[in-house]
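Engineer: Kindly generate the corresponding structure for this input.
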Amino acid sequence: MARKKIEMILEIHKACTEPLYAVLDGIKGKELNWKPAPESRCINEIMGHLIRVDNKFLTRLGQAPKIDAPEKGSDSETLTALKNVHRQLHSLVESLSDDSLLFKKSPTKDAADRDTVNEHVLHSCQHNLYHLSQVIYLRRALDRNWESPIIAWDKATRIIANYLSPKPN
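Structural biologist: Numbering: from 1, shown residues only. A predicted model of the protein is given here:
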């Protein structure tokens, strides 16, 4: 049973989710809910959005989400919820016995052909990296001395590039 693609997805998922936890490390309520403009999202709202979207991916894959995004949650509530939804996606991939199962269509009644573990987990990874850049910007706007997880973001993009780039012969 081949699991090369499964291991690749697990590595990418881990690299694309862990930097988000660093953004939440040490942030407090006022900073977590600060908005640069009234119509903007705060870090807490972005994290809640990530949790809701990943829960939607889980639902599309026939999995019942185990945690909801906290409304105006504290830093620890938001971080716990984020880690739990990421853990649930990670566990789903880890439980697969063979790479071919990554591409099996979702069992949900109205599933599209693209509703596969591979599609949804990789979409989640890209979505997390996109919003990571937003929350890094917000944290840096609040505190120019805050050390951002930009190195971890760069690592994640290099891991993805490593899998996408053909190796020279």
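Engineer: so how many other residues sit close to Asp154?
Structural biologist: Close neighbours of Asp154, defined as other CB atoms under 10 Å, add up to 11. Any C-beta I mention is one placed from the backbone N, CA and C, and that applies to glycine too.
Engineer: should've said Ile12
Structural biologist: Neighbour tally, Ile12, other CB under 10 Å: 22.
Engineer: residues touching it, list them.
Structural biologist: By CB atoms under 8 Å, 6 or more residues apart in numbering, the contact set of Ile12 is 122, 125, 156, 159-160, 163.
Engineer: Quick check, pLDDT for Asp75.
Structural biologist: Looking at Asp75, its pLDDT stands at 69.
Engineer: do the one 10 residues further on as well
Structural biologist: Listed pLDDT for Val85 reads 95.
Engineer: need the contact list for the nearest residue to it once chain neighbours are set aside.
Structural biologist: Excluding its sequence neighbours, the residue lying closest to Val85 (CB to CB, 6 or more residues apart in numbering) is Asp54, at 4.5 Å. Taking CB under 8 Å, 6+ apart as the criterion, Asp54 is in contact with 65, 85-86, 88-89, 124.
Engineer: So which bits of stretch 95-102 are buried?
Structural biologist: Judged by neighbour count (16 or more other CB atoms under 10 Å), stretch 95-102 contains these buried residues: 96, 99, 101-102.
Engineer: From one end of it to the other, what's the distance?
Structural biologist: Distance between the two ends of stretch 95-102: 11 Å, counting by CA to CA, to the nearest Å.
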